[in-house]
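# sequence and computational prediction follow.
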Amino acid sequence: MSHKQFIYCWQKWFPPILVRAAVQVVVMICLTVGVLGILASAAPMSHAQAVFPSSVAGALNATVYHSPDCNCCGGWIDHLKAQGFKITNFPTPDIETVKQKYNVPDNLSSCHTAIVNGYVIEGHVPADDIKRLLQEKPNIVGLSVPQMPIGTPGMEMGNRKDPFSVLSFDHKDSVAVFHKYPSS
């Protein structure tokens, strides 16, 4: 059957209005699925979604916001990747707005902010602590390693390792030690 014969048969058997309606429905479905897929892939998860995980439990996804001028953030991102995290990287010149959006207390601030399964991860938090957080699922906002201690992931300087603590923080501005690391 030639192309012209196929079009003739198609037009004879299906009225043009029916064909146009079918095409419109297919296009609308494709656009809806595509837009929803794009929105869902870029949106950080809420704490409620982390507490009541979907069927994709165990996924290690991190959305990282950092200044494009900061070199140590790349070292921390590499540390997470080596530990099995999939990274979505958002360099931004306005990192303070990100910290305000995710309610990071000023005294817990560091050079980058990440969102992992709805939790805020501020600064050079080791991947093992993030994994423990995701396993235990405490009712907190997130974890922080304030400032930039030498020896934390991304802040390595030879064998030097300053003591530091990973701190948890909640919506009531309560801060607690999540994990304490001694110096080496």
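In hand now; what should we look at?
# now the residue nearest to C72 when sequence neighbours are not counted: how far from N117?
Spatially, and ignoring its direct neighbours in sequence, C72 is nearest to G154 (4.6 Å; Cβ to Cβ, 6 or more residues apart in numbering). C-betas here are computed from N, CA, C, even on glycine. Counting by Cβ to Cβ, to the nearest Å, the separation of G154 from N117 is 21 Å.
# those two: which has the busier surroundings?
Higher neighbour count among G154 and N117: N117, with 24 against 21, using other Cβ atoms under 10 Å.
# got the confidence number for the more buried one?
Looking at N117, its pLDDT reads 95.
# surely it meets L134?
Yes - using Cβ atoms under 8 Å, N117 makes contact with L134 at a distance of 5.7 Å.
# list the contacts of S144.
Contacts for S144 (Cβ atoms under 8 Å, 6 or more residues apart in numbering) come out as 104, 108-110, 120-123, 125, 166-169.
# can you show me the helices along this protein?
Ranges of helices within the chain are 3-13, 16-42, 47-51, 72-82, 95-101, 127-136, based on DSSP state H.
# pull out the buried positions in the fifth one.
Buried residues in helix 95-101, counted by 16 or more other Cβ atoms under 10 Å: I95, V98, K99.
# ok so, going back, which of the contacts of S144 fall within strands?
Cross-referencing those against strands under DSSP state E gives V120, I121, E122, G123, V166, L167, S168, F169.
# and the buried ones among those, selectable in PyMOL?
Applying 16+ other Cβ under 10 Å to the ones in strands among the contacts of S144 leaves a buried subset, and the PyMOL line that selects it is:
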select buried, resi 120+121+122+123+166+167+168+169
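# that concludes my questions; thank you for your assistance.
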